[in-house]
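Q: Sequence plus predicted model, see below.
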Amino acid sequence: MALWFTSDLHFGHTNIIRYSHRPFADTDEMNHALVQQWNELVQPTDTVWVLGDVAMGRIADTLPLAAELAGHKLLIAGNHDRCWEGHGPRAAEWLDRYRDAGFAEVHQGSVRLCIGGHHVTMSHFPYEGDSRDEDRYPAARPADEGGWLLHGHVHERWRQHERMINVGCDAWGWRPVSEAVVAGLIEGGPRDLAPLTEAGEPSHGGTRTAEV
């Protein structure tokens with residue numbers, strides 16, 4: 001049994017293809033590729049933490065795509081998930097929809113986990129930084145108490161920035177990242193690493209101001 005991490009799939013989100021420079025012609029191609037590449041890595045007995053922003057577009061069509069993803073899936077809700085508590089009381093009405101789509105657990109805020117002997121925090125949001133030029137949702141961000149953080153939300157802005165490791169699919173060739181790889185990054189210490197392309201080569205994310 002292996003442990004994996006990912007974030008920001010954005011199933012069905014047309015504009016994310018342009019905003020994050022995804023190499024897909026349309027959302028159908030993108031959705032298919034995300035499911036296929038996930039299932040090439042993740043086995044049915046594996047566990048995958050999804051750190052938010054699963055599906056957008058027509059949610060009745062896109063959220064059920066999560067059921068096609070292999071493994072035991074655990075979600076930490078992100079700002080684009082209908083079940084995120086930041087949306088207020090209506091978020092609770094969506095919890096069963098996300099569970100029906102295949103998430104065994106839905107968490108809010110942050111979760112602590114031990115990876116390679118290191119205690120880390122997981123959250124959709126980084127300590128600082130954003131996919132836009134200003135940091136949104138400051139009240140939803142975890143406090144930086146000097147520890148390591150796994151997060152999403154920033155898309156292709158970085159793969160690692162100091163003690164923040166972005167597990168978002170845009171930083172890892174649109175695939176989940178394994179526990180072993182995350183542990184290796186932590187062992188390597190704080191540093192800055194660019195996202196990987198589909199071929200596994202470093203790329204350079206651009207600055208943008210569009211809403212994602």
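A: Everything's here; your move.
Q: Where does the prediction get shaky in this structure?
A: 198-212 (pLDDT under 70).
Q: ok, 50 please
A: Confidence mapping of the chain against pLDDT under 50 gives the ranges 204-212.
Q: Farthest out from the centre of it, which residue is that? Tell me.
A: The C-alpha centroid of the chain is most remote from Pro89, which lies 23.7 Å away (CA atoms, centre = their mean).
Q: what sits against that residue?
A: Shown here is Pro89, which makes no contacts under the criterion CB atoms under 8 Å, 6 or more residues apart in numbering. From N, CA and C alone the C-beta is placed, and that goes for glycine too.
Q: Kindly provide the distance from it to Leu95.
A: As judged by CB to CB, to the nearest Å, Pro89 and Leu95 stand 12 Å apart.
Q: Tell me how far the spatially closest residue to Arg58 that is not a sequence neighbour lies from Glu85.
A: Nearest in space to Arg58, with sequence neighbours left out and distances taken as CB to CB, 6 or more residues apart in numbering, is Gly12 at 6.3 Å. Separation of Gly12 from Glu85 (CB to CB) stands at 22 Å.
Q: So the residue nearest to Arg58 versus Tyr127, what's the distance?
A: Taking CB to CB, one finds Gly12 at 29 Å from Tyr127.
Q: now do His72
A: Counting by CB to CB, the gap from His72 to Tyr127 is 28 Å.
Q: Where do the strands of the chain begin and end?
A: For the chain, the strands defined by DSSP state E cover 3-6, 47-50, 72-76, 103-107, 110-115, 118-123, 148-151, 160-162, 164-166, 177-178, 191-193.
Q: any chance of those strands in TSV, with mean neighbour count and distance to Ala25 too?
A: Output for these, formatted as TSV (neighbours: other CB atoms under 10 Å; distance: least, CB to CB, whole Å):
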stretch	mean neighbour count	distance to Ala25
strand 3-6	24	22
strand 47-50	22	25
strand 72-76	22	27
strand 103-107	17	29
strand 110-115	14	36
strand 118-123	19	33
strand 148-151	24	29
strand 160-162	19	30
strand 164-166	26	25
strand 177-178	20	25
strand 191-193	12	29
